[in-house]
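[1] Pasted the sequence and its predicted model underneath.
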Amino acid sequence: MSLKINIRHQAGTLDLQAQFKVEQPGITALFGPSGSGKTTLINAIAGLIKPDSGTLTINDSTVFDSATKTHMSPRKRRVGYVFQDARLFPHLTVRKNLFFAHRRATNRLPENQVDAIIAMLGIGDLLSRRPAKLSGGERQRVSLGRALLGNPDILLLDEPLSALDQARKEEILPYLEALRDQRRLPILYVSHSIDEVARLADHIVVMDKGRVRASGSVFDILARTDLAPLTGQFDAGAVIPATVTGHDPKGGISYLGCAGHQLIVPLLPSANTTTTHASTIPQQTRLHIRARDVMIATSIPDGISANNILPATIAALTPVGTGNIEAALHLGHAAKGRILTTPVIQARITNWSALRLSLEVGQQVYAVIKSVTVDGKLRDTDA
C-alpha cells in the first residue's frame with residue numbers, strides 16, 4: 001500500500017506545494033501550525049477538492065493528474081475519512097451508520113473482519129443507540145468503524161481528538177493504537193498535538209505555510225532541534241524505542257531497557273500486575289521524553305528523588321528562543337573522538353546554566369530525568 005503526493009493548490013492566501021511518499025502501513029502524522037495546509041492536503045487526497053496541478057497516486061492508481069485531466073471521484077478512491085466532529089447520521093442507529101459504508105464498499109470486508117473491527121473499537125454494545133446518546137469518544141470510535149468498514153486503501157484522520165476533553169482523549173487513544181497495530185493500512189493523521197504524534201505516529205511530515213519542511217521517522221524528526229519552532233518549542237523532545245524488562249506493581253513502576261541502560265517509568269497501563277517480570281506482555285515500547293523535563297549534571301548527583309540518572313555525551317548545543325539552549329545528548333559516555341550511534345534525548349536549559357557548567361560538545365555528562373515525566377506506551381512486538 002502506498003501514497004504518492006506531488007500537488008500544488010492555491011486556496012485564498014495558502015499556496016500549498018506538497019511532495020512526499022507514504023510507502024508502508026502505520027501512521028504518518030501531518031504536523032504543523034494552524035493554516036499550514038494540513039486539512040487542505042487531505043481534502044485533496046480524499047477528492048473533496050481538486051488541486052490546481054500535480055499528481056496523486058494511491059496504491060499505484062492515479063486518482064489525480066492535471067496533465068491528463070484525471071480527477072477520480074471521492075467514492076471511487078477507496079479512502080476512509082474521519083473528521084473532527086464524527087459527522088454520523090443522527091437519524092440512524094450506530095449499526096446503520098456502520099453498515100452505510102460497508103454496503104457501498106466496492107470490495108466488501110468479510111463478516112469475520114467486520115466483527116473484528118467492531119470488537120477492536122469496543123462498540124458492540126452501542127449498535128442499537130443513536131448518535132445523540134453517545135459520548136464524544138464513542139462517536140469518534142463509531143466514526144472510525146464506519147470508515148474502516150468501507151474497506152479503504154488509506155485512512156485519513158483530521159484531528160479526530162481535537163473536539164474532545166482530556167478524559168475522552170485518553171478513552172480513544174488506545175483504540176487508535178490498536179488500529180495502528182492491527183490494521184495493516186496507511187493512515188494519515190492530522191494533528192497539532194506533539195503528545196499525540198509522539199504516542200501514535202511512525203512517521204512525521206512537518207508542514208508550514210503550505211510547504212513540507214521535513215519528513216522522516218518519529219524518532220528522527222522529534223530529535224531535531226532546528227524544527228523546534230514548528231514542532232512546538234516547549235513540548236519538543238525525543239521519542240526513543242525501549243524494551244520492557246519488568247514491573248514493580250507495589251512501587252508503581254516499570255523497568256525498561258534502552259541502549260544498554262535501565263530506565264524507570266510509571267507502571268505501564270497494560271502491565272501484568274501479578275508478576276514482576278515482562279515475559280507475559282508485549283516487549284516493545286516507545287518513550288516520549290520532553291526536553292523541558294531533562295536536567296544535565298556534570299557528575300552523578302546524590303540524594304535526589306529522580307530515578308533516572310543516565311550517562312550521556314553532548315552531541316550538540318543549539319540556541320533556542322531567548323536565553324535557552326537545546327542540548328542533544330547521546331546516551332552513554334563516548335571516549336574522545338568516538339562517535340556514538342545511541343538514541344539522542346534533548347535537554348532544554350538556560351544559557352546561564354550552560355555557561356555555569358562550562359558545557360561543550362563532546363563532554364561527558366549525566367541526564368537526570370524524573371520518572372513521572374516520562375510517557376511510555378506498550379506496542380505489540382510485531383508492530
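    Received it, and whenever you're ready, just let me know what you need.
[2] ranges for the strands of the stretch 1-150 of the chain?
    Using DSSP state E, counting those that start in this stretch, the strands of the stretch 1-150 of the chain run over residues 3-11, 14-22, 26-31, 53-58, 61-65, 70-71, 79-82.
[3] what's the first one packed up against?
    Which is strand 3-11. In terms of contacts (3 or more C-beta pairs under 8 Å, 6 or more residues apart in numbering; DSSP states H and E), strand 3-11 is packed against strand 14-22, helix 38-46, strand 53-58. All C-beta spots, glycine's among them, are computed from the backbone N, C-alpha and C.
[4] Among the strands of the stretch 1-150 of the chain, which comes closest to residue 333?
    Nearest to residue 333, of all the strands of the stretch 1-150 of the chain, is strand 26-31, at 33.3 Å by C-beta to C-beta.
[5] Residue 73 against residue 48, yeah?
    No - look at residue 73 against residue 48 with C-beta atoms under 8 Å: they stay out of range, at 10.5 Å.
[6] between those two, who's got more neighbours?
    Ranked by neighbour count (other C-beta atoms under 10 Å), residue 73 and residue 48 place residue 48 first, with 14 against 8.
[7] you'd agree the more buried one is up against residue 77?
    No - using C-beta under 8 Å, residue 48 is not in contact with residue 77, being 10.2 Å away.
[8] rewinding a little: so which of the helices and strands packed on strand 3-11 is the most packed in?
    helix 38-46 (a mean of 22; mean count of other C-beta atoms under 10 Å).
[9] helices or strands next to that helix in the packing?
    strand 3-11, strand 14-22, strand 26-31, strand 53-58, strand 79-82, strand 154-158, strand 186-191.
[10] right, and residue 56 touches residue 9 too?
    No - Residue 56 is beyond contact range of residue 9, at 11.0 Å (criterion: C-beta under 8 Å).
[11] Are there residues contacting both of those two? Which ones?
    Residues touching both residue 56 and residue 9 by C-beta atoms under 8 Å, 6 or more residues apart in numbering: residue 44.
[12] okay, and the helix or strand of this structure with the least pLDDT?
    strand 375-379 (a mean of 57; mean pLDDT, DSSP states H and E).
[13] now the helices: where do they sit in the stretch 151-300 of the chain?
    Assigned by DSSP state H, counting those that start in this stretch, the stretch 151-300 of the chain shows helices spanning 166-182, 194-200, 218-221, 228-231.
[14] what's the closest of these to residue 14?
    Going by C-beta to C-beta, the one of those nearest residue 14 is helix 228-231, 16.2 Å.
[15] hmm, back to that, reformat the helices and strands packed on helix 38-46 into CSV and put mean pLDDT and distance to residue 360 next to each item.
    Shown next, in CSV, are these (pLDDT from 0 to 100; distance: least, C-beta to C-beta, whole Å):
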stretch, mean pLDDT, distance to residue 360
strand 3-11, 94, 42
strand 14-22, 92, 37
strand 26-31, 90, 32
strand 53-58, 94, 47
strand 79-82, 90, 48
strand 154-158, 90, 44
strand 186-191, 89, 36
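[16] Next, format the ones you listed as CSV and append distance to residue 94.
    Shown next, in CSV, are those (distance: least, C-beta to C-beta, whole Å):
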stretch, distance to residue 94
strand 3-11, 30
strand 14-22, 30
strand 26-31, 25
strand 53-58, 28
strand 79-82, 15
strand 154-158, 19
strand 186-191, 22
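[17] low-scoring stretches of this structure, by residue?
    Filtered on pLDDT under 70, the chain yields the residue ranges 1, 225, 228-236, 269-282, 337, 375-383.
[18] mind giving me the domain ranges of it?
    The record's domain parsing of the chain by automatic domain parsing lists 3-221, 238-379.
[19] Show the end-to-end separation of the first one, please.
    What that stands for is domain 3-221. By C-alpha to C-alpha, to the nearest Å, the extent of domain 3-221 from end to end equals 20 Å.
[20] Identify the residues contacting residue 185.
    Residue 185 makes contacts with 1, 25, 152-155, as judged by C-beta under 8 Å, 6+ apart.
[21] re earlier: how about the helices of the stretch 151-300 of the chain, which one is nearest residue 112?
    helix 166-182 (13.7 Å).
[22] Alright, calling it a day.
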